[in-house]
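Trainee: The sequence and its predicted three-dimensional model are supplied below.
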Amino acid sequence: MAERISEREAEVLAALGSRLSNAQIANRLHVSVRTVESHVSSLLRKYGVADRWALAELARSAAPEPGRVVGLPASGTTFVGRDAERADVLAALEDARLVTLLGPG
């Protein structure tokens, strides 16, 4: 895959893996059906597959994208000005199975 996918595209991809329709995905993510269609089109292009069923299979069998932590809820905000800290955490996760972060939420 040449391009990274956005957090929203990852959510749409996961929903496709659960075999949800565009309307069901839109309802779950609180977006329009047209927005879901746009994300599906983008995912088809980025992954180079022919249809949504191929995307669903990819979502069900693929390893997580490098640099992504699985099992955590989607972030509501970004790490503004925290690029170095984010890089440190990702590096620590490559070296250890468990990383504990301390500090204000």
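Mentor: On my side now, so go ahead. Treat the numbers as computed from the prediction; the structure is a model and nothing was measured.
Trainee: Against which helices or strands is the helix or strand Arg86 falls within packed?
Mentor: Per DSSP states H and E, Arg86 falls inside helix 83-95. Where contact means 3 or more C-beta pairs under 8 Å, 6 or more residues apart in numbering; DSSP states H and E, helix 83-95 is not packed against any helix or strand. All C-beta atoms are positioned from the backbone trio N, CA, C, and that covers glycine.
Trainee: Convert the C-alpha atoms of that helix to CSV, please.
Mentor: Coordinates of each C-alpha in helix 83-95 appear next as CSV, following Å, rounded to 0.1, in the frame of the first residue of the first chain:
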residue,chain,number,x,y,z
ASP,A,83,5.6,14.7,17.4
ALA,A,84,8.7,13.8,19.3
GLU,A,85,6.8,12.3,22.2
ARG,A,86,4.6,10.3,19.8
ALA,A,87,7.7,9.0,18.0
ASP,A,88,9.2,8.0,21.4
VAL,A,89,6.1,6.1,22.3
LEU,A,90,6.0,4.2,19.0
ALA,A,91,9.7,3.4,19.3
ALA,A,92,9.2,2.1,22.9
LEU,A,93,6.3,-0.1,21.6
GLU,A,94,8.6,-1.7,19.1
ASP,A,95,11.0,-2.7,21.8
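Trainee: Quick check: buried residues in it?
Mentor: Along helix 83-95, not one residue counts as buried under the neighbour rule (16 or more other C-beta atoms under 10 Å).
Trainee: Ok, stretch 3-15 next?
Mentor: Buried, per 16+ other C-beta under 10 Å, within stretch 3-15: 5, 9-13, 15.
Trainee: mind putting the residues you listed in TSV, secondary structure and distance to Ser61 included?
Mentor: Below are the buried residues of stretch 3-15 laid out as TSV (DSSP: H, G, I helix; E, B strand; the rest coil; distance: C-beta to C-beta, whole Å):
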residue	secondary structure	distance to Ser61
Ile5	coil	16
Glu9	helix	18
Ala10	helix	15
Glu11	helix	18
Val12	helix	17
Leu13	helix	12
Ala15	helix	16
